[in-house]
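Participant: Here's my sequence, what's the structure:
(chains A and B)
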Amino acid sequence: MGEVIVITSGKGGVGKTTTTANIGTALAMMGKRTLLIDTDIGLRNLDVVMGLENRIVYHLVDVTEGRCRPRQAMIKDKKLERLSLIPAAQTRDKTAVSESRMKELTDELKEDFDYVLIDCPAGIEQGFKNAVAGADRALVVTTPEISAVRDADRVIGLLEAAGLPAPEVIVNRVRFDMVRKGDMMTIEDILDILAVELIGIVADDEDIVISTNRGEPIVKNQLSTAGRSFRDIAARITGEDIPFVQSGGRNFWRRFKAVFAR
Amino acid sequence: MTADVWDKEGALTKDTLLIEGPLRGGHKVDYDGNVVVMGDVNAGAEIRASGHIIIFGALRGMVHGGKDGNSGAKILALSLFPTQLRIADHITCPPEGYTAPRERGPEIASIRGNKVIIETLAM
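Facilitator: Next up is the predicted model:
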């Protein structure tokens, strides 16, 4: 029996969808049977980030309203045999799905998968409630900005109230050069406020924009530091103990160059 | 129920509500008596109490001690950095450019001479 993991944040634009796509891809690369579900009904994106937009036949609302079986709505990844996606509906809204229906569905689906990752919409209304309904575990994505941390704090409170007592946090888009200059919140500052466990630190990386636009998750790129961070998160999800690296991007190259400048 | 007892400065010391923190954004506590929190009170959280408020953690949210007009109410926190702090009918907030008081240690807020005064807690 698998685990249902919701990826949420409260605030929009902090990288929930990118995180879902990358962690899901990384889990599948590790050989785990992985299903992604986009619950952002009306504003679907996960299919685009996965590069599967043109293969959609049925969507989540077709499943919950009984127009098709879950299997029929699952789109297989282009390369990874063990990765599938159930896309969101684009023409409906969040009220098209109920919490009880969502829980029934995820309970059924986790029988057949090792991991079911749920991409949660921004906000704390019905869409959030649907996404959280069947989850066994929650990952909260934030960025080192005070507004994102505030929303993460609020969402952690709501997750605790919903019976998910130990959400784990991913700090996304960290710019270590700015952190060093004191211009950006540190990981410690964020954890000090949120008082939850850390599960990942992802550096701000231009390559993510490129890979997202191409529909090719960055974890497939073995050279990218952000890709590595997402692979580390996936490994931690499976229970591996991987140390946290607080550097990346430019810093790495600066150090690399510094070695040769000597 | 215990009888209401008033201390020499007039603060109401009746029932006390003990909360295990942290109190996160969106959490609200409204209590007729004193409130003690074990843990942080984050920005976006609110505590209103008719008596004192004691926070064994960092205060980052909004607190209102002596909400029914009792100006003898005090607010104590291990790190006092509220969004807004109210005692009775006084409303204050940290001055512009005031940063998180990591190194300052426990502080206590009270009304003296019709002003909210913040003092380091002598330990």
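
Participant: residue contacts, residue 46?
Facilitator: I went with chain A, as the question did not name one. Applying Cβ atoms under 8 Å, 6 or more residues apart in numbering or on different chains to A:Leu46 gives the contacts A:Thr17, A:Thr20, A:Ala21, A:Leu36, A:Asp38, A:Asp40, A:Leu85, A:Pro87, A:Ala88, A:Asp119. Heads up, the C-betas are built off the backbone N, CA and C, glycines and all.

Participant: That was the other one, I meant chain B.
Facilitator: B:His27, B:Lys28, B:Val29, B:Gly61, B:Met62, B:Val63, B:His64.

Participant: how many neighbours does A:Leu198 have?
Facilitator: By other Cβ atoms under 10 Å in any protein chain shown, 16 other residues sit near A:Leu198.

Participant: Quick check, pLDDT for it.
Facilitator: A:Leu198 carries a pLDDT value of 98.

Participant: cool, and the one 4 residues further on?
Facilitator: In the predicted model, A:Val202 carries a pLDDT score of 97.

Participant: Thought A:Val169 was touching it, still the case?
Facilitator: No - taking contacts as Cβ atoms under 8 Å, A:Val202 lies outside contact range of A:Val169: 11.4 Å.

Participant: ok, back up a step: can you tell me which two in the contacts of A:Leu46 are farthest apart?
Facilitator: Taking Cβ to Cβ, the two most distant members of these are A:Ala21 and A:Ala88; they sit 13.5 Å apart.

Participant: neighbour count winner among these two?
Facilitator: Higher neighbour count among A:Ala21 and A:Ala88: A:Ala21, with 33 against 27, using other Cβ under 10 Å.

Participant: low-confidence ranges in chain B?
Facilitator: B:1-13, B:99-103, B:123 (pLDDT under 70).

Participant: Can you show me the strands along it?
Facilitator: Ranges of strands in chain B, per DSSP state E, are B:16-20, B:28-31, B:34-38, B:46-49, B:53-59, B:62-65, B:75-80, B:84-87, B:90-92, B:107-112, B:115-120.

Participant: Return the most buried member of those strands.
Facilitator: Stretch with highest mean neighbour count among the strands of chain B: strand B:62-65 (a mean of 26; mean count of other Cβ atoms under 10 Å in any protein chain shown).

Participant: neighbouring strands for that strand, and are they parallel or not?
Facilitator: Taking DSSP bridges as the criterion, strand B:62-65 forms sheet pairs with strand B:46-49 (parallel), strand B:84-87 (parallel).

Participant: so which of those strands comes closest to A:Leu164?
Facilitator: Judged by Cβ to Cβ, the one of the strands paired with strand B:62-65 that comes nearest to A:Leu164 is strand B:46-49, at 23.3 Å.

Participant: Name the residue closest to the centre of chain B, please.
Facilitator: Geometric centre of chain B, nearest residue: B:Ile75, 3.1 Å, by Cα atoms, centre = their mean.

Participant: From chain A, how far out is that one?
Facilitator: Separation of B:Ile75 from chain A (Cβ to the nearest Cβ, to the nearest Å): 20 Å.

Participant: who in chain B is up against chain A?
Facilitator: For chain B, the residues in contact with chain A (Cβ under 8 Å from any Cβ of the partner chain) are B:Pro22, B:Arg24, B:Gly25, B:Gly26, B:His27, B:Gly39, B:Asp40, B:Asn42, B:Ala43, B:Gly44, B:Ala58, B:Arg60.

Participant: Tell me the one of these nearest A:Ser100?
Facilitator: Nearest to A:Ser100 among the residues of chain B next to chain A: B:Gly26, at 24.0 Å, using Cβ to Cβ.

Participant: Skipping adjacent residues, who's closest to that closest one in space?
Facilitator: Distances taken as Cβ to Cβ, 6 or more residues apart in numbering or on different chains place A:Arg154 nearest to B:Gly26, at 4.8 Å, with adjacent residues excluded.

Participant: Any buried residues in the helix or strand hosting the one you found, and which?
Facilitator: Secondary structure assignment for A:Arg154, by DSSP states H and E: helix A:146-161. By neighbour count on 16 or more other Cβ atoms under 10 Å in any protein chain shown, the buried set for helix A:146-161 is A:148-160.

Participant: Identify the residues contacting A:Ser98.
Facilitator: Applying Cβ under 8 Å, 6+ apart to A:Ser98 gives the contacts A:Thr64, A:Asn130.

Participant: can you tell me how far it sits from A:Leu105?
Facilitator: Remark: distance between A:Ser98 and A:Leu105 (Cβ to Cβ, to the nearest Å) = 10 Å.

Participant: which residues do the two both contact?
Facilitator: Counting by Cβ under 8 Å, 6+ apart, the shared contacts of A:Ser98 and A:Leu105 are A:Thr64.

Participant: check which helix or strand covers A:Val61.
Facilitator: A:Val61 is part of helix A:60-64 when elements are defined by DSSP H and E.

Participant: who are the neighbours of that helix, in terms of helices and strands?
Facilitator: Helix A:60-64 sits against helix A:70-73, helix A:99-109, with contacts defined as 3 or more Cβ pairs under 8 Å, 6 or more residues apart in numbering or on different chains; DSSP states H and E.

Participant: Could you pull up the mean pLDDT of the longest one?
Facilitator: For helix A:99-109, mean pLDDT is 97.

Participant: Give me the contact list for that helix.
Facilitator: A:2, A:4, A:35, A:37, A:39, A:63-64, A:70, A:116, A:118, A:129-131, A:133-135.

Participant: now do 7 Å
Facilitator: Residues outside helix A:99-109 that contact it (Cβ atoms under 7 Å, 6 or more residues apart in numbering or on different chains): A:Val4, A:Leu35, A:Val63, A:Thr64, A:Pro70, A:Val116, A:Lys129, A:Asn130, A:Ala133, A:Gly134.
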